[in-house]
Every structure is written in C-alpha cells, then in structure tokens.
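Undergrad: sequence and computational prediction follow.
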Amino acid sequence: MEKFILENYKIAKKMYETIGVDTDEVLERVKKIPVSMHCWQGDDVMGFEGAGELTGGIQTTGNYPGKARNGEELRCDMEKALSLIPGTHKVNIHASYAEFDGNKADRDQLTPAHFEKWVAWAKKNGIGLDFNETYFSHPKSESGLTLSSGDEEIRRFWIEHGKRCRKIGEYFGRELGQTCVTNLWIPDGYKDITVDKLGPRMRLKKSLDEVFAEKIDSAYNIDSVESKVFGIGSESYVVGSHEFYMGYAAQHDDVMLTLDAGHFHPTEVISGKISSIFTFKNKLLLHVSRPVRWDSDHVVIFDDELCAIMQELNRNDLFGKTYIALDFFDASINRIAAWVIGMRNTIKAMIFAMLEPVETLKKAEAEGDFTSRLALLEEYKSYPFSAVWDYYCQAMGVPVKESWLNEVRTYERDVLAKRI
Ligand SMILES: C[C@H](O)[C@H](O)[C@@H](O)C(=O)CO
Ligand SMILES: [Mn+2]
C-alpha cells in the first residue's frame, strides 16, 4: 500500500502542476492549521458535575456503549482519536468538564485550579486548549433564561460564571503558549409566543458588557459569541439571535462572532455568510457541524457544505483569521470513530479546497467568462485530490484510508467494552 500511495501522489502532484497548484506547498500550509476537537462528543455532553440530564435545548440520541465517565477516560479516548488524525490540533472543553477532586465548586466559583489536569495533559501532548462557558444543565438555567434573566440573582450568577471562564481561558493561553478561544453560547429563549422580546435582549447586552469588561491579552484569550435560531423548548424566541450577536460583535472589535453550521434556517448555509462577516470583522470562529433537518449535531461528513466552507476560507485567504472548531455529538456510534470521521473529513476538505486554482477561477469570473468558471469548477472536482490526502496521512504517520477503523475496533474491545 505504502508504495502505491507514494506513486499516486507523484502522479497527482504532476497533474496539479499543470493547473498551477503546488501540492507540497498545500500540505505545508494544512499542517499549520489546527482544528479544535470538542471533548463533549466523548460523553454525550454530560460533563463531570453529575448533572444527570442534558438541558438547554440540545440533545444527544443513542446509547452506544463505552462512553467516557471521567477526565482520565475522556482524555484517554481523545488521545486515541488524535493518534488517528493527521496534524497537530487543539482540544475544546466546556466549563462543565471541571475536575474537583471531592471539592465541588459551583459554576460561579470556578478557577483555573479546576482545570489543572486538562492543562497538564495538553502540555504532555503538545496541544492547545479552547474553552466554552456552560450555561445549561444546571438548576440556575431551568427557567430558560441565564444572562438575559430578569431575576437579578440568576443573572449575576451567570455573569460571574462568564467572567471566571475568561480567566480560565487566559490561564490556558498563558500556560500552553497558544491563544485560547473562549466561546459564549446561552440557551436563553421561550417555547411559545413571546411578548417582550426586547427586555431579555437589553439585559443580555448589559450582561455581556460586564462579562467582557476586563481586558485580557488577546495573545492568551479571545472571546466569541454564538447565536442560534431555535432550540428544543425555545422554538419561538431565542434571545441570542444572529442579528443580536452581529450587532454586538460589530460594536466590539475584541469580540468575535461564532458561526455554527446548525444554527440557521435549514436552507441557510454558513459558507455563504463568511465573507459578510469578514467585511466588518477580522476574525471568526466556526463551529463545524452537520444539521439534518434541525440542529441535530450529526457527525461532520465530506459534503458540499463542508467543502464550500473550506473553499470560502481558501479563496479569500482567511485560514489565518478563522478558528475552526467541531461541534457535534452522536451517541449512536462509536464515539472515538465519530471524532476521527469528523476531524479527518474537516482536514480532507481543507486540502480539497486548497488544491483549487483560485486565481484561474477568479480571473474567469472577473472577465465575465461564466462558462469557463462553471466548466472549470466542475472539472477541478475530479482531479486526484484523494491521492494528496492519502499521502498526507502517510507522511504524517497516521493510518491511510479506512485502516484507522481497525485501531478503533481494537480500542473498543480492549478499553471501551470494559466500561460497565
Ligand atoms: C455543547 C456546545 O456548547 C453547544 O453545542 C453549542 O456550541 C451549540 O452549538 C448549542 O447548540
Ligand atoms: Mn455550536
């Protein structure tokens, strides 16, 4: 196999040269782009607080055996997944994955000390960490409103949580020498027709101003805000809508916008929104997910939208300004396989996009030659990009093609099956 991969690559390299693309250069570029792998795929978003129930209008379905039950298991599973994915990446954790060692602290009391094990593990593995504030699966979010609550005690509790999370993000960035992106998503909204839609939004704005009041060195921590169109139980009204956060991010240079692929109407795609955001902002966070009819958080596959997202970043030279994170949770299949499939597809789509001769296409478009534009776009799709992808896996020392699945099966038998 090894020999064929190399031979295929040599031919692919020559073919891409004929259209002005240097495959070696593409692989050098892709190597430098980290993808943030989300820890919550490993335990169905349960976290370590013993919450028992996932709330906030998000849902995992399925009961595949072997889910991680604590930090050690989760980190071990992620190490396994990362060993099957080419490149050096980041890990994205939620505040609900704090570790207490018997001394439980509520969300408004979290400190960097509760994440020391994550940092030690990240250092050992040479990876960066990203962070997410957790405003769900908690008694104080049961009313459906957190940062937008009219109950001052509740609102203050969550403001304190947000502030503390940013300090934890700063700690990650400082300790690991890689900027931590701290993402803020709240589940706030109402199930049914809402009379006062302005009040909660005004309160959310006030809360965000407090959460973000302290300036933190952007070398260590960058903040981002994530909108949504609806959730389960917030079908009629979501406080943190796209328009709301667009406005907020437009007014605050240091706050990024997060685009989650599952957070828009089913016919909307985030690939179509990226250029609008970059007209006004110079950074963006993506939550790469796969909505199936709703925000179902299916595992990312190599589909048109994934390629379109990566093409958009490549065509506009935006890889250096965009943080790419995954966000899905499927409990119906092997959870390590879910990570590997989603991560490998994301990287594969980056390579696919980078192999496009952008200048040729832009020239045809600028000259009004839409016939060539369409003809070339279609023909480029069947250039041998998979030979480049296979070679990348081989060169990076990870399994080529589906051979990674054997390793996941072995791990399932030796480790996951024993978690009863
Ligand atoms: C678990 C995450 O915080 C969550 O998926 C969030 O990013 C989101 O997308 C909620 O729908
Ligand atoms: Mn998301």
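TA: Structure received. Ligands and ions are numbered 1, 2, ... in the order given.
Undergrad: contacts and neighbour counts: CA atoms only from here.
TA: Fine.
Undergrad: for the closest residue to residue 67 other than its chain neighbours, grab phi and psi.
TA: Nearest-residue entry for residue 67: residue 43, 5.2 Å, with adjacent residues in sequence omitted and distances by Cα to Cα, 6 or more residues apart in numbering. Backbone torsions of residue 43, given as degrees, to the nearest 10, read phi -140, psi 30.
Undergrad: number of residues surrounding residue 43?
TA: 21 (other Cα atoms under 10 Å).
Undergrad: what's the answer for the one 10 residues further on, then?
TA: Applying other Cα under 10 Å, we find 12 other residues in the vicinity of residue 53.
Undergrad: got the phi and psi for it?
TA: Residue 53 adopts backbone torsions of phi -140, psi 140, taken as degrees, to the nearest 10.
Undergrad: contacting residues around it?
TA: Residues in contact with residue 53 (Cα atoms under 8 Å, 6 or more residues apart in numbering) are 46, 137.
Undergrad: what about it, distance to residue 47?
TA: Distance from residue 53 to residue 47, counting by Cα to Cα, to the nearest Å: 10 Å.
Undergrad: residue 99 too?
TA: From residue 99 to residue 47 the distance is 10 Å (Cα to Cα).
Undergrad: okay, the two: which has more neighbours?
TA: Neighbours around residue 99 and residue 47, counted as other Cα under 10 Å, are more numerous at residue 47. The numbers are 26 against 22.
Undergrad: residues of the stretch 301-420 of the chain that sit close to ligand 1?
TA: The stretch 301-420 of the chain comes close to ligand 1 at residues residue 327, as judged by Cα under 6 Å from any ligand atom.
Undergrad: strands of the protein, residue ranges please.
TA: 35-38, 90-94, 128-132, 180-184, 189-190, 221-226, 237-238, 255-260, 284-288, 290-292, 294-298, 322-326 (DSSP state E).
Undergrad: how about these in TSV, adding mean neighbour count?
TA: Rendered in TSV, the data for these read as follows (neighbours: other Cα atoms under 10 Å):
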stretch	mean neighbour count
strand 35-38	24
strand 90-94	22
strand 128-132	25
strand 180-184	26
strand 189-190	25
strand 221-226	23
strand 237-238	24
strand 255-260	25
strand 284-288	23
strand 290-292	19
strand 294-298	21
strand 322-326	22
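Undergrad: among the ones you listed, which is nearest residue 23?
TA: With distances scored as Cα to Cα, the stretch of the strands of the chain nearest to residue 23 is strand 35-38 (20.4 Å).
Undergrad: pull the residues that contact the closest one.
TA: 89-93, 129-130, 323-327, 339, 343.
Undergrad: does any bit of it sit next to ligand 1?
TA: No - counting by Cα under 6 Å from any ligand atom, ligand 1 has no neighbours in strand 35-38; the shortest distance is 8.6 Å.
Undergrad: next one: the spatially closest residue to residue 337 that is not a sequence neighbour, what pLDDT does it get?
TA: Among residues not flanking residue 337 along the chain, residue 408 sits closest, at 6.6 Å (Cα to Cα, 6+ apart). At residue 408, the pLDDT value in this model is 98.
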